[in-house]
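Colleague: need a structure here:
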Amino acid sequence: MEGYVWQAWDKGFTNITQTTYVYGVYIKGYLLTYASESEVKGSVSGNVASGEYYVLNESISLVATAKTGYTFNGWYSGESLVSSLAEYTFNMTNQGANLVAKFSEEAEEEYDEATEED
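Modeller: You can find the predicted model right below:
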């Protein structure tokens, strides 16, 4: 069921000797999506999968890893910076979450022979 997360059976059942009806219990879930703005610049991972539903207050941990030559700039929701930490942990809200890890190219250090002393 899209938008709902499995919790448990409505009752325990072992050694069934008569007709028994058992129902699955689902609760409302909230959509989480996360991605890197560019796989060339960096990658992302998490303790949960992107594109799935999670229960209110469930702990979500995401990690952004910049590739060589790039720096992590932050986790963004739209244009808003949500966290500047590459390892970001939060609790799922009733708004869900759509996060993008943004990276920038590292500035090259300029070498100036005139300022170097012999």
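Colleague: point to the residue nearest the middle of this protein.
Modeller: What sits nearest the mean C-alpha location of the chain, by Cα atoms, centre = their mean, is residue 62, with 4.4 Å.
Colleague: in the sheet, who's paired with that residue?
Modeller: residue 46, residue 88 (DSSP bridges).
Colleague: could you list the low-pLDDT ranges of this protein?
Modeller: Scanning the chain for pLDDT under 70 picks out the ranges 1, 109-118.
Colleague: not counting its neighbours along the chain, what's nearest residue 58?
Modeller: residue 92 (4.6 Å; Cβ to Cβ, 6 or more residues apart in numbering). Glycine gets a C-beta too; all of them are placed from N, C-alpha and C.
Colleague: which residues sit in contact with the one you found?
Modeller: Residue 92 sits next to 30, 32, 54, 55, 56, 57, 58, 60 when contact means Cβ atoms under 8 Å, 6 or more residues apart in numbering.
Colleague: got a PyMOL select line for the buried ones in these?
Modeller: Typed into PyMOL, the line below selects the buried ones among the contacts of residue 92, using 16 or more other Cβ atoms under 10 Å:
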select buried, resi 30+32+54+58+60
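Colleague: among the contacts of residue 92, name the ones in strands.
Modeller: 30, 32, 54, 60 (DSSP state E).
Colleague: pick the one among the residues you listed closest to residue 20.
Modeller: residue 54 (30.6 Å; Cβ to Cβ).
Colleague: that closest one and residue 24, how far apart?
Modeller: 17 Å (Cβ to Cβ, to the nearest Å).
Colleague: wait, residue 63 sits on residue 86?
Modeller: Yes - Residue 63 lies in contact with residue 86 (Cβ atoms under 8 Å); the separation is 6.4 Å.
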